[in-house]
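Participant: got a predicted structure plus its sequence, pasted below:
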Amino acid sequence: MSSGDNDDKESSQPRAEDFSPPKDSLGRAAGPDILELIVKFELLGPHSEAVIQKLRAEVEAPSERLLAGALVERGYLSEEEMESMVLARYLLACGKITMTQLELVMDEIKDTRAPLWVSLVAKGWLKMGDVV
């Protein structure tokens with residue numbers, strides 16, 4: 001099998017390691033993007049939207065991925081917090097969890113600091129196989 005054949009198969013499926021969400025009929029990622037989730041859950045404090053807007057102005061060609069990386073690089077979010085938002089986006093887009101479930105778990109993990117996936121599995125809303 002040539003490497004081109006392998007590339008074709010990989011491009012038709014999201015890669016598990018980057019949690020790329022499925023696409024809608026127009027080729028856009030389904031569901032909310034990572035930045036929308038960060039604002040919704042005020043992960044940067046009550047001024048999350050203002051921080052993201054400021055970064056948009058500072059980052060050249062600001063894509064969702066570049067802005068998310070800048071939030072971690074500049075210390076606004078930890079890598080674990082960003083990984084939770086990437087996972088949340090993926091699970092929402094795939095229909096594995098609902099926004100209501102995510103809202104409930106996000107309220108809980110503010111206090112417990114448990115990883116998102118741990119809380120979702122503990123509640124029975126997600127299976128280990130969904131995240132491994």
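Facilitator: Noted; the coordinates are in hand. Numbering: from 1, shown residues only.
Participant: only C-alpha atoms from now on, for both contacts and neighbour counts.
Facilitator: Noted.
Participant: below-threshold pLDDT in this protein: ranges please.
Facilitator: For the chain, applying pLDDT under 70 flags the ranges 1-30, 132.
Participant: show me which helix runs longest in it.
Facilitator: Longest helix in the chain by number of residues, with DSSP state H as the criterion: helix 79-94.
Participant: ok, then the element right after it?
Facilitator: Per DSSP states H and E, helix 79-94 leads on to helix 99-112 as the next helix or strand towards the C-terminus.
Participant: give me the contacts around that following helix.
Facilitator: F41, A88, L92, P115, L116, S119, L120, W125 (C-alpha atoms under 8 Å, 6 or more residues apart in numbering).
Participant: so how far is M128 from the fifth one?
Facilitator: So that's L116. To M128, L116 is 12 Å away according to C-alpha to C-alpha, to the nearest Å.
Participant: repeat for the third one
Facilitator: Using C-alpha to C-alpha, we find L92 at a distance of 16 Å from M128.
Participant: who has more neighbours, these two?
Facilitator: Shown here are L92 and M128; by other C-alpha atoms under 10 Å, L92 has more neighbours (18 against 12).
Participant: excluding chain neighbours, give the residue nearest to the more buried one in space.
Facilitator: Of all residues not flanking L92 in the chain, T98 sits nearest, at 6.0 Å (C-alpha to C-alpha, 6 or more residues apart in numbering).
Participant: how close does that neighbour sit to K54?
Facilitator: According to C-alpha to C-alpha, T98 and K54 sit 30 Å apart.
Participant: what about these two, which has more around it?
Facilitator: Set T98 next to K54 and count neighbours by other C-alpha under 10 Å: T98 wins out with 14 against 10.
Participant: so D33 sits right up against A88, yeah?
Facilitator: No - if you go by C-alpha atoms under 8 Å, D33 and A88 don't touch, sitting 9.6 Å apart.
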